[in-house]
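>>> Structural data only, the sequence is not supplied:
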């Protein structure tokens with residue numbers, strides 16, 4: 001058996017050492033919650049009667065108190081394609097629970113906004129903070145003390161992190177995340193991107209653009225590109241929080257249903273009354289967090305998890321930072337190229353070998369922690385298999401011995417890159433990250449005069465006016481958590497791509513976020529400290545030479561030090577109201593820096 005890579009071991013030890021006090025306090029709290037927290041036996045008769053009043057056929061079992069009652073926390077809505085399949089899950093899961101002598105109730109629903117709908121719109125300013133709203137909703141759902149286990153139904157960008165953060169505060173309970181799967185492949189993502197760029201150049205109209213988008217996003221299930229939603233599902237496999245192989249099975253299939261049944265059955269087997277107690281708080285430890293980060297790097301996953309993973313870790317008393325991710329990236333090879341890092345989507349990735357192949361090969365190369373406590377049996381090894389049906393019964397078979405498509409998926413020995421393609425940038429402008437896995441190496445260092453903006457619409461206006469047709473570092477500031485909730489600046493991808501294709505040296509620098517599917521233009525993102533808080537990005541002026549270098553890890557304003565020190569931060573833009581943004585003022589004002597997760601909730605809780 002291959003031993004763990006020494007640098008992965010060193011980073012893990014660094015995280016364990018740094019987290020020692022917080023992790024010990026967390027585990028002590030979970031022990032207290034199990035022993036003295038609110039549970040069904042502690043409820044008064046009035047409390048309990050309220051809890052089972054509408055339980056119909058399950059009322060007698062819940063009232064008897066001898067069988068597990070499973071809380072279902074669901075992010076169902078039927079506007080969000082990824083979550084539309086969840087509509088029928090609760091009734092199915094109640095049946096599956098009865099098969100094991102248990103019961104299940106919908107503990108509560110949490111919001112699930114679609115970044116695909118809100119991209120470039122004002123609603124995107126609520127997006128990051130919806131994660132904390134979801135965490136709070138999850139806590140409210142589980143606070144009734146009616147449940148001995150839980151299933152978490154969520155897939156997309158902020159939803160899985162939010163569910164996990166909230167659930168971890170009830171980490172004495174066993175819990176399993178239950179996905180619903182990606183929609184079948186539609187119009188190729190590369191063709192969709194081509195039409196988007198043509199639209200940005202004015203060569204096709206809105207009708208052609210809408211037709212391409214509708215052919216790509218065409219049915220129920222997760223969007224098929226490898227953005228934050230599908231990166232979520234990958235990470236849950238890497239952490240052992242799914243039934244093995246659940247991530248990328250399409251909705252509406254028999255296999256999908258059997259995996260959901262297996263999840264419900266498994267929750268009943270890992271409660272504290274049995275001999276295989278696997279509470280969520282014990283499953284999500286430092287090694288599991290490191291595995292999630294490694295999976296993110298090895299597959300070219302979403303940059304958004306440079307914010308979400310630290311927030312998830314904090315909820316479990318663990319501290320991870322961008323240096324940890326940078327050090328891991330240096331030794332974890334890129335083994336997958338899924339759009340936008342390659343031509344095929346997640347369905348093609350799954351067909352090529354998917355998560356089973358990826359986990360088995362990373363384990364064999366000593367690039368993952370094998371000895372983690374998962375919700376399944378046998379550590380992480382079972383996640384190196386793939387689910388299948390034999391005579392309509394769920395089973396697991398070996399992942400393919402070799403990749404079925406080496407343009408999409410490879411073993412570490414013949415990886416696409418030697419590194420994971422996510423770098424920490426540091427310099428007189430602060431700290432940022434850059435994703436290089438989809439960027440041509442010739443563009444890893446851009447040094448050019450900057451053009452400074454305070455919102456992405458101003459960038460588009462300048463682009464349409466022909467003002468950016470040159471070598472340029474486009475700076476978009478006042479986009480951090482405290483400024484406006486850190487919206488993704490997705491609308492910038494097509495115009496910046498047009499400029500790059502015209503031969504200009506172009507980069508983006510921002511204290512905001514880019515799409516979780518960050519693409520071919522070098523983008524230094526999540527810059528901290530943010531401009532709203534007086535960060536150095538607020539000192540930049542049009543024409544300053546800025547260097548963004550993934551080669552050297554630099555992010556520098558090449559301005560004479562005396563001039564730099566004499567500058568005052570640019571004035572903040574006015575705080576806008578409308579689209580409910582004013583209701584999130586508390587979250588904006590209390591948010592901490594992006595590297596810690598951009599969360600007022602965690603900061604004010606002392607986590």
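Perfect, thanks for sending it. Nothing here was measured: the structure is a model prediction, and the numbers come from that model.
>>> Show me what the strand or helix carrying residue 499 is packed against.
According to DSSP states H and E, residue 499 maps onto helix 493-501. Applying 3 or more CB pairs under 8 Å, 6 or more residues apart in numbering; DSSP states H and E, we find helix 493-501 packed against helix 189-200, helix 456-464, strand 506-510. In this view, the C-beta of every residue, glycine as well, is placed from N, C-alpha and C.
>>> In a markdown table, list these along with distance to residue 437, mean pLDDT and mean neighbour count.
Formatted as a markdown table, the helices and strands packed on helix 493-501 follow (distance: least, CB to CB, whole Å; pLDDT from 0 to 100; neighbours: other CB atoms under 10 Å):
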| stretch | distance to residue 437 | mean pLDDT | mean neighbour count |
| --- | --- | --- | --- |
| helix 189-200 | 16 | 81 | 18 |
| helix 456-464 | 23 | 95 | 16 |
| strand 506-510 | 16 | 97 | 27 |
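>>> could you dump those to JSON lines with distance to residue 327?
Converted to JSON lines, those look like this (distance: least, CB to CB, whole Å):
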{"stretch": "helix 189-200", "distance to residue 327": "31"}
{"stretch": "helix 456-464", "distance to residue 327": "32"}
{"stretch": "strand 506-510", "distance to residue 327": "23"}
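>>> So which of those is nearest residue 362?
Among the helices and strands packed on helix 493-501, helix 189-200 comes nearest to residue 362, with 24.9 Å by CB to CB.
>>> Who are the packing partners of the closest one?
Under the contact criterion of 3+ CB pairs under 8 Å, 6+ apart, helix 189-200 touches helix 206-216, helix 493-501.
>>> Any chance you could list what contacts the shortest one?
Contact with helix 493-501 is made by 196-197, 199-201, 443, 459-460, 463, 468-469, 472, 474, 506, 508, 514-515, 519-521, as judged by CB atoms under 8 Å, 6 or more residues apart in numbering.
>>> What residues of that helix count as buried?
Going by neighbour count (16 or more other CB atoms under 10 Å), the buried part of helix 493-501 is 493, 494, 495, 496, 497, 498, 499, 500.
>>> so that helix versus helix 456-464, what angle?
Between helix 493-501 and helix 456-464, the angle comes out at 40 degrees (axes from the mean of the first three to the mean of the last three CA atoms, to 10 degrees).
>>> Helix 493-501 to strand 506-510, inter-axis angle?
Using the same axes, to 10 degrees: helix 493-501 against strand 506-510 is 140 degrees.
>>> weakest of the helices and strands packed on helix 189-200 in terms of mean pLDDT?
Of all the helices and strands packed on helix 189-200, the minimum mean pLDDT falls on helix 206-216 (a mean of 86).
>>> State the next helix or strand along the chain beyond it.
Next along the chain after helix 206-216, taking DSSP H and E as the criterion, comes helix 228-238.
>>> Show me what that following helix packs onto, helices and strands only.
Short answer (3+ CB pairs under 8 Å, 6+ apart): helix 228-238 packs on helix 159-168, helix 286-298, helix 305-315, helix 354-364.
>>> Residue 599 is nearest to which of the ones you listed?
Smallest distance to residue 599 across the helices and strands packed on helix 228-238 (CB to CB): 5.4 Å, for helix 305-315.
>>> Let me know the angle separating that closest one from helix 286-298.
Inter-element angle recorded for helix 305-315 and helix 286-298: 170 degrees (by the same axes, to 10 degrees).
>>> who touches helix 305-315?
Helix 305-315 has contacts (CB under 8 Å, 6+ apart) with 19, 22, 128, 131, 135, 158, 161, 164-166, 168-169, 228, 231, 235, 284, 289, 292-293, 296, 319-322, 325, 422, 433, 486, 513, 516, 526, 594-599, 602, 607.
>>> Going along the chain, name the strands of the stretch 251-400 of the chain.
Ranges of strands within the stretch 251-400 of the chain are 385-390, 393-398, based on DSSP state E, counting those that start in this stretch.
>>> now the ones you listed as a markdown table including mean neighbour count?
Formatted as a markdown table, these follow (neighbours: other CB atoms under 10 Å):
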| stretch | mean neighbour count |
| --- | --- |
| strand 385-390 | 15 |
| strand 393-398 | 13 |
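>>> Columns mean pLDDT and distance to residue 265 on top of those strands, output as CSV?
Listed next are the strands of the stretch 251-400 of the chain as CSV, based on pLDDT from 0 to 100; distance: least, CB to CB, whole Å:
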stretch, mean pLDDT, distance to residue 265
strand 385-390, 97, 14
strand 393-398, 97, 10
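>>> for the chain, what helix or strand is lowest in average pLDDT?
The helix or strand of the chain with the lowest confidence, counting by mean pLDDT, DSSP states H and E, is helix 189-200 at a mean of 81.
>>> Many thanks, have a good one.
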